[in-house]
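Enquirer: have a look; sequence and predicted model below, questions after that.
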Amino acid sequence: MKIALVGYGKMGKIIDEISQNRRHEVVARLKETPTKESLNDADVVIEFSNPEAAFENIKVCLENKIPVICGTTGWLDKKTEIERIAVEQNSAFLYGSNFSLGVNLFFALNEKLAKLMNNVDEYQCQLEEIHHIHKKDAPSGTAISIAEGIIENSKYEAWKLGETKDKELGIFAIREDEVPGTHSVFYRSEVDEIEIKHTAFNRNGFALGAVIAAEWIVGKQGVFSMKDVLGL
Ligand SMILES: NC(=O)C1=CN([C@@H]2O[C@H](COP(=O)(O)OP(=O)(O)OC[C@H]3O[C@@H](n4cnc5c(N)ncnc54)[C@H](OP(=O)(O)O)[C@@H]3O)[C@@H](O)[C@H]2O)C=CC1
Ligand SMILES: O=C(O)C1=N[C@H](C(=O)O)C[C@H](O)C1
């Protein structure tokens, strides 16, 4: 499979190595918005750039009928527009706030726990994410996905940065050293606390999941998520 990497920073470089280990050919390594020419007839694009660049990058790829796996976070206000373009162009698009297999299992567990918590009103939920100091967006895309999973299945109606208040689910976004990504969900009552936590030890799991998603999407049309890839 011919892979074009759009965004070639911390993530792009690891994805490059994993792609080659899995016998794919990396035909482009771009640090700017792609063009038809610079995409070099790729079968699929893996996009990990930055919140300002993602929309235009994805749009160009989809208009050239190349499926896109996007891991860039912090641009979600334009996601519906991208999904419309993907369908209109008969192309394929998959966004994942977090491609690690462990976090995608964590998402499923989180939704189940949120549902169970409806049976007991004593608990208040709080989210926390910790990331490296270079991260441009807050809260993390993963924390937003976790919050959405809880909101769909509980009394909470919206999320906000900071402490949980009434029906607004709070997210503490902490920036610390070189932390790759830690996410925790706390349910606290007067007498106890339940915590579920995912800790990434490095970025390899994110990169592997993105390559697995790229292998899966080639030949498909439509808008997908990691739930489709993993059959969750
Ligand atoms: N979904 C997931 O599983 C994960 C998502 N992420 C997300 O992925 C994104 C990238 O993370 P990371 O690799 O750590 O970030 P980096 O800052 O290390 O890399 C970003 C790269 O994008 C390049 N870039 C800048 N402008 C453009 C442009 N217009 N078009 C294409 N590329 C451009 C940068 O080039 P230059 O250096 O020249 O500026 C750099 O190579 C972030 O949004 C992060 O939150 C991160 C990890 C996992
Ligand atoms: O910027 C990062 O590094 C990460 N970003 C993603 C996010 O915003 O959730 C995924 C991962 O936690 C690392």
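Expert: Sure, I can see it. Ligands and ions are numbered 1, 2, ... in the order given.
Enquirer: contacts, neighbours, all on C-alpha from now
Expert: Fine.
Enquirer: residues of this protein that sit close to ligand 2?
Expert: The chain comes close to ligand 2 at residues 73, 97-98, 135, 140-142, 180-181, as judged by CA under 6 Å from any ligand atom.
Enquirer: near ligand 1, from those residues?
Expert: Restricting the residues of the chain next to ligand 2 to those near ligand 1 - CA under 6 Å from any ligand atom - leaves 73, 97-98.
Enquirer: export those to JSON lines and append columns for pLDDT, neighbour count and secondary structure.
Expert: Putting those into JSON lines (pLDDT from 0 to 100; neighbours: other CA atoms under 10 Å; DSSP: H, G, I helix; E, B strand; the rest coil) gives the following:
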{"residue": "Thr73", "pLDDT": "98", "neighbour count": "25", "secondary structure": "coil"}
{"residue": "Ser97", "pLDDT": "98", "neighbour count": "23", "secondary structure": "coil"}
{"residue": "Asn98", "pLDDT": "98", "neighbour count": "26", "secondary structure": "coil"}
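Enquirer: centroid-nearest residue for the protein?
Expert: Centroid-nearest residue in the chain: Ser97, 1.0 Å away (criterion: CA atoms, centre = their mean).
Enquirer: quickly note the distance from the residue of the chain most remote from its centre to ligand 2.
Expert: Most distant from the centre of the chain: Val191, at 34.3 Å, with distances by CA atoms, centre = their mean. Counting by CA to the nearest ligand atom, to the nearest Å, the gap from Val191 to ligand 2 is 31 Å.
Enquirer: assign that residue to helix, strand or coil.
Expert: coil (DSSP: H, G, I helix; E, B strand; the rest coil).
Enquirer: so how far is Thr33 from Glu81?
Expert: From Glu81 across to Thr33, the span is 18 Å (CA to CA, to the nearest Å).
Enquirer: stretch 151-164 spans what distance, first to last residue?
Expert: Start-to-end, stretch 151-164 (CA to CA) is 13 Å.
Enquirer: list the buried residues in that stretch.
Expert: 151, 153-156, 159, 162-164 (16 or more other CA atoms under 10 Å).
Enquirer: nearest to Asp228, of these?
Expert: Asn153 (19.9 Å; CA to CA).
Enquirer: pretty sure the closest one contacts Leu113?
Expert: No. Look at Asn153 against Leu113 with CA atoms under 8 Å: they stay out of range, at 9.0 Å.
Enquirer: so which other helices or strands are in contact with the strand or helix carrying Leu105?
Expert: Element membership of Leu105 [criterion: DSSP states H and E] is helix 101-117. In terms of contacts (3 or more CA pairs under 8 Å, 6 or more residues apart in numbering; DSSP states H and E), helix 101-117 is packed against helix 141-152, strand 193-199, helix 204-217.
Enquirer: closest to Val26 out of those?
Expert: Closest among the helices and strands packed on helix 101-117, once you apply CA to CA, is helix 204-217, at 11.4 Å.
Enquirer: contact residues of this structure facing ligand 1?
Expert: Checking the chain against ligand 1 by CA under 6 Å from any ligand atom, the hits are 6-12, 30-33, 48-51, 53, 71-73, 96-99, 206.
Enquirer: right, I'll leave it there.
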